[in-house]
Structure formats: structure tokens, C-alpha cells
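Novice: My questions are about this predicted structure, shown below with the sequence.
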Amino acid sequence: MDDPWQMLESAALKVLNPLWDQFAKEGKESAVFAPMAQYPNASAWLARSMAMSSDDITRKLGAMLAGWIRDSRHVGLLSELLERERQVFRDDRMSANSVGEDIMFAATRWTESQNLQVRQAGIDALAHMIKDALEGTPWNTVHWAVANLHHVTEGGHEIFQELVNATDSQMEGQEFLRKAVIALKQNDKQTLGRLVTAPSGIYSVSANEPNYSLIISLWKAVASAEGALE
């Protein structure tokens, strides 16, 4: 297998199960994904490929990976992943919501970037999730998106005006969103602050990790694929 993209896909497939079971479930996926950020083109390709899977765990991991790709050339990545989940939502709300949570965290991670384009793309993704919730796609972590966006923009985003003017029918069945909107209307910064939900922290991989060789193979594959573009 000489094609670096096939090698990358193969390496990713081999590590998916341990990556989910031993890292992502514990909120420690950064140990594998953060080092991949230095290869943004190959990592973005992989995240997009994972986003097309019918398996929600694969798509969740793709969204987690996307959160670490803070590169101006890929500021449309989260928008693409969100659009994919909107399509899934029509037939499988539970699966789409599960992945949507990771897109929300990835967007929040982007808002912490020193790259202004990436930061703005993260803000936009959070705002789009909120707008979705008012237009018939009720993401179940939208209240966190509201709080995180309010935190990073200090309440200065135009979507908040739409929220305070939202009708009961727009928020039907979204009690957590409704409570966040009440806090907005009352300028209740304490409640909004309690709703702020940060993405997972940064961890490293131990050489004693049982699947260390698979992780190293993934890192080598992503570096090789990146090099193929140079």
C-alpha cells in the first residue's frame, strides 16, 4: 500500500476502537489528536472522511479531531461537519445529537485560538447551532453553545437578540435552551456562567500504552500524507 491517503485511512481504522475506549471516553482524546494538529491538511482530510461515516462513534472522533485543526486554510471544516449532522438529524436525531455535542466542543476550542480567522469560525459554528435550534434542528447541547458563545463574545453577538425574541413555538421541547434564554433576558450572568462548558484538557500518550504502536503508526501516516502535499 503506497498511497499515503490509503495508509492514513487504514491506520485510522485500526486505532478507532482503542482511541474511543481508552481515550475519548475518558476525555483524553487530545493525547492522540493534539500532535496531529501540526499536520493540518492531512488531519482535515481525515476528519472530513470520518464525518461521512454511518457510524456515529467515527463521526464523533472526526469532530474531536477537527477541534485541534486550528489552521486558516480549514476554517470551513466545522461548518461542513455541522451540515453533515443536519442531514443525519432528519433520520437519526440521537446519533446526530451525539456528534453535535463534539462539534460544539470543537467550536468552543476554536474560539480559544489566537488565530483570528479560526476564532471567528468557532464563534460562527456556535451561532449556527443556536440558530438551528430556533429553526427546527434542536441540538441537545445548544444551551451550552449559548453560554460558551456568550462567554467568548461577552454577550456581543447578534444571535442573542434573536434568542431573547424567540417565541415559545421556536423553543418547544427545549427546556434547557428556554432556561438559558431566561437568563439572557434577565442578564443573569451567574446562571450563564454556570452553563459554560469547556472542552476536554490536554493529555499525552504514555509509551506504556497498550496500543502505543497503533498510535505511532497513525502519527506516521498523517505525517506521510501531509508530506505528499508538499
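Specialist: Structure's in. What do you need? Numbers count the residues shown, from 1 in each chain.
Novice: for the residue nearest to Ala121 when sequence neighbours are not counted, what are its contacts?
Specialist: Closest residue to Ala121 apart from its sequence neighbours, by CB to CB, 6 or more residues apart in numbering: Val75 at 4.0 Å. For the C-beta atoms, the positions are set from N, CA and C on the backbone; glycine is no exception. Counting by CB atoms under 8 Å, 6 or more residues apart in numbering, Val75 makes contact with 117-118, 120-121.
Novice: what does the model give Val75 for pLDDT?
Specialist: Turning to Val75, the model gives it a pLDDT of 98.
Novice: What does it show for phi and psi?
Specialist: phi -70, psi -10 (degrees, to the nearest 10).
Novice: Distance of it relative to Ala51?
Specialist: 16 Å (CB to CB, to the nearest Å).
Novice: Please name every helix or strand in contact with the helix or strand of the chain with the lowest mean pLDDT.
Specialist: The helix or strand of the chain with the lowest confidence, counting by mean pLDDT, DSSP states H and E, is helix 4-18 at a mean of 92. Applying 3 or more CB pairs under 8 Å, 6 or more residues apart in numbering; DSSP states H and E, one finds that helix 4-18 contacts helix 40-51, helix 56-67, helix 212-228.
Novice: deepest of those helices, which one?
Specialist: helix 56-67 (a mean of 25; mean count of other CB atoms under 10 Å).
Novice: need the helices for this protein, in chain order.
Specialist: Along the chain, counting by DSSP state H, helices occupy 4-18, 30-33, 40-51, 56-67, 77-89, 93-111, 116-134, 142-153, 159-164, 175-185, 189-195, 212-228.
Novice: Tell me which residues of the second one come out buried.
Specialist: If you call a residue buried by 16 or more other CB atoms under 10 Å, then helix 30-33 has these buried ones: 30-33.
Novice: for it, what is the average pLDDT?
Specialist: Mean predicted lDDT for helix 30-33 stands at 97.
Novice: what do you get for the third one?
Specialist: The predicted model assigns helix 40-51 a mean pLDDT of 97.
Novice: Fine by me, we can end here.
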